[in-house]
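Visitor: No letters, just coordinates:
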Ligand code: FHN
């Protein structure tokens, strides 16, 4: 064995021991439910499954393809209950469905939990409901309890199992919400729907399908206290079950949910998850070709983990009960990446750094030190990976793939890791840096350039937008365009930028914005020193102009935060690309 191979082997043995020791000391608490949430925080990556009778026609109705996601076809095409039964329910017979194969795909992808739609808005039960014959066993030619088969198989393959249940919308039951098109319905109250269907079905799901780890509510609507309590109390039937924040508007649940979009930063001190379809539609839609690329999916997983969240990636079984090749090949590719790099995802917490130009960071903090997992998307051509603001003494550094030891050096303002010429993985290569002692990191904030101007870009903002609501989003313009704050319809939502300056003084503030309406007004400035500003229309949202807002006084050098807050009475949504501060 050459010396080099011996070195790798020896380093590898050292690391195994180090990780084995440090893994027992993994210390990071988020509060009261640490014990309950422990497996979920460790898991980081789950499979979401939207499967229903809409898959029988791939979301199509009598030759037409309704808009929106396939599971919404009954609503979007205003399909009467009787016709939905004829075209979808009566045709649902996924003869190729095999729970073992299906759960195996999730496991092989590196997913540790699976959440499936037991009942979606169409009201159809994908389990043998004992309170409504409108279910997969009694009403379709398939006659099998899909939920039961998956529950058993998940247990066999050690995948945590959970249900999605649309507790308010039900386009079949006469008391359910959402069906305003079928005039044959003889309405009853919502409370009767909860009493007759939702509550008993949820109770059945939580008592007849073995250990249920997750209950995923969706599209909350106002309801009576009694209705809420009868739904919420059911979850006590599964001690330790984890629920989301979508049962009721005020109900926090155990974790926040972001949908389709990854927040710029994770909510502080909360558990949260991003759910996202692997393609465009949640349910199988035969016209849906918008499959996300393999690099996008892997980098999404890394990005979300680097912000402290979980990734619930959705797949859409077809009317035959299988996944499209586009989906299986993506899951397999994610599994290949996870086979080598899962240590940098499972059980990690969010990055201690600000924005990193070359990629993302996840970490594991221990009593005696921390392990940093540097996910390098853009491999440096000069072989030098600069980690800004890292002040700790480095115990060791190595590539996660193959354990090749790497040299590090402390340079001004951080640590440089010497990398080999070739990146181990073109999508995301993981460099592991073990540091000694409590993490000591100097935040690297934007600061003025030599000419005294400071650009605060949209993607540097922290958005206060009800944790990821669509009402204020950061959108990345494609093809090298700039990112911009958009869809700012919520006057309660606001943005802030942290920055640092060396020179106190007067700074002119301007903003690059676009606005369709006649004008809009907001307040801007440092915390506690806000002043009003007004912006005139630029004609259309795609036309930006740089507008001076006025000047602010910054009395001392160091870190500051600039805010932009809509004036509620006279706010109109504007897009914003950047704020520029210029020393006077
Ligand atoms: O309306 C549903 C939609 O069909 C899908 O189930 C998503 C998944 O999170 N939830 C609702 C839209 O927010």
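Guide: Nice, I can see it. Every value quoted in this text rests on a predicted model; they were computed, and no experiment measured them. Numbers count the residues shown, from 1 in each chain.

Visitor: quick one: whichever strand or helix holds residue 204 to chain centroid distance?
Guide: Using DSSP states H and E, residue 204 sits within helix 199-205. Remark: helix 199-205 is offset 28 Å from the chain centroid, using C-alpha atoms, centre = their mean, to the nearest Å.

Visitor: Tell me the helices and strands packed up against that helix.
Guide: Taking 3 or more C-beta pairs under 8 Å, 6 or more residues apart in numbering; DSSP states H and E as contact, the helices and strands that helix 199-205 lies on are strand 113-119, strand 160-165, helix 225-232. C-beta: built from backbone N, CA, C; applies to glycine.

Visitor: relative to strand 160-165, how tilted is the first one?
Guide: Which is strand 113-119. Counting by axes from the mean of the first three to the mean of the last three C-alpha atoms, to 10 degrees, strand 113-119 lies at 30 degrees to strand 160-165.

Visitor: Can you tell me what sits against strand 113-119?
Guide: Outside strand 113-119, the residues that touch it by C-beta atoms under 8 Å, 6 or more residues apart in numbering are 40, 43, 46-52, 71, 103, 106, 125-127, 146-147, 150, 154, 159-166, 170, 201, 205, 213-214, 216, 312.

Visitor: Now do the following helix or strand past it: which elements does it pack against?
Guide: The C-terminal neighbour of strand 113-119 among helices and strands, as given by DSSP H and E, is helix 146-156. Other helices and strands packing on helix 146-156, by 3+ C-beta pairs under 8 Å, 6+ apart, are helix 99-109, strand 113-119, strand 160-165.

Visitor: Quick check: buried residues in the helix or strand hosting residue 532?
Guide: Using DSSP H and E, residue 532 falls within strand 531-536. Neighbour counts over strand 531-536 (16 or more other C-beta atoms under 10 Å) mark 533, 535 as buried.

Visitor: before we move on, what about stretch 403-415?
Guide: Result for stretch 403-415 [16+ other C-beta under 10 Å]: buried residues 403-404, 406, 408, 414-415.

Visitor: again with stretch 351-360
Guide: 351-353, 356, 358-360.

Visitor: Check stretch 526-545 too.
Guide: For stretch 526-545, by 16+ other C-beta under 10 Å, it's 526, 530, 533, 535, 537-538, 541, 544.

Visitor: Report the beta-bridge partners for residue 501.
Guide: For residue 501, the beta-bridge partners under DSSP bridges are residue 558.

Visitor: Please list all residues in contact with it.
Guide: 447-448, 454, 507, 554, 557-558, 560.

Visitor: Walk me through the domains of this structure.
Guide: Domain segmentation of the chain under automatic domain parsing yields 30-344, 359-436, 453-583.

Visitor: how about these in TSV, adding distance to residue 442 and mean pLDDT?
Guide: Output for the domains of the chain, formatted as TSV (distance: least, C-beta to C-beta, whole Å; pLDDT from 0 to 100):
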stretch	distance to residue 442	mean pLDDT
domain 30-344	18	96
domain 359-436	4	96
domain 453-583	10	88
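
Visitor: so what's the most centrally placed residue in the chain bridging to?
Guide: Central residue of the chain (C-alpha atoms, centre = their mean): residue 274, 1.7 Å from the mean position. In this entry, residue 274 is beta-bridged to residue 258, residue 311, by DSSP bridges.

Visitor: Tell me if I'm right that it and residue 262 touch.
Guide: Yes - look at residue 274 against residue 262 with C-beta atoms under 8 Å: they come within range, at 5.4 Å.

Visitor: Can you tell me the SS state at whichever residue of the stretch 1-150 of the chain sits closest to the ligand?
Guide: Nearest to the ligand, among the residues of the stretch 1-150 of the chain, is residue 71, at 4.8 Å (C-beta to the nearest ligand atom). Per DSSP: H, G, I helix; E, B strand; the rest coil, the local secondary structure of residue 71 is helix.

Visitor: ok so, going back, which other residues reach the helix holding residue 204?
Guide: 118-119, 125, 127, 129-132, 147, 163, 165, 167, 212, 215, 230-231, 234, 237.

Visitor: same thing but at 6 Å, please
Guide: The set of residues external to helix 199-205 that reach it, using C-beta atoms under 6 Å, 6 or more residues apart in numbering, is 118, 129-131, 163, 230, 234.

Visitor: what residues are up against the residue in the stretch 101-250 of the chain that the ligand sits nearest to?
Guide: Nearest residue of the stretch 101-250 of the chain to the ligand (C-beta to the nearest ligand atom) works out as residue 218 at 4.8 Å. Residue 218 sits next to 166, 246 when contact means C-beta under 6 Å, 6+ apart.

Visitor: any idea how far it is from residue 244?
Guide: The gap separating residue 218 from residue 244 is 8 Å, by C-beta to C-beta, to the nearest Å.

Visitor: closest one to residue 320 among the helices and strands packed on helix 199-205?
Guide: If you check each of those against residue 320 by C-beta to C-beta, strand 113-119 wins as the nearest, at 16.8 Å.

Visitor: Just send the buried residues of stretch 351-360 back as CSV, with secondary structure and distance to the ligand too.
Guide: Shown next, in CSV, are the buried residues of stretch 351-360 (DSSP: H, G, I helix; E, B strand; the rest coil; distance: C-beta to the nearest ligand atom, whole Å):
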residue, secondary structure, distance to the ligand
351, coil, 26
352, coil, 30
353, coil, 30
356, coil, 29
358, coil, 32
359, strand, 28
360, strand, 24
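
Visitor: who in the stretch 201-350 of the chain is up against the ligand?
Guide: Residues of the stretch 201-350 of the chain found near the ligand (C-beta under 6 Å from any ligand atom) are 218-219, 259, 275, 282.

Visitor: Starting from the helix or strand where residue 372 lies, tell me which strands it pairs with and how they run.
Guide: Mapping residue 372 onto the secondary structure by DSSP H and E places it in strand 369-376. Note on strand 369-376: by DSSP bridges, its sheet partners are strand 359-365 (antiparallel), strand 429-436 (antiparallel).
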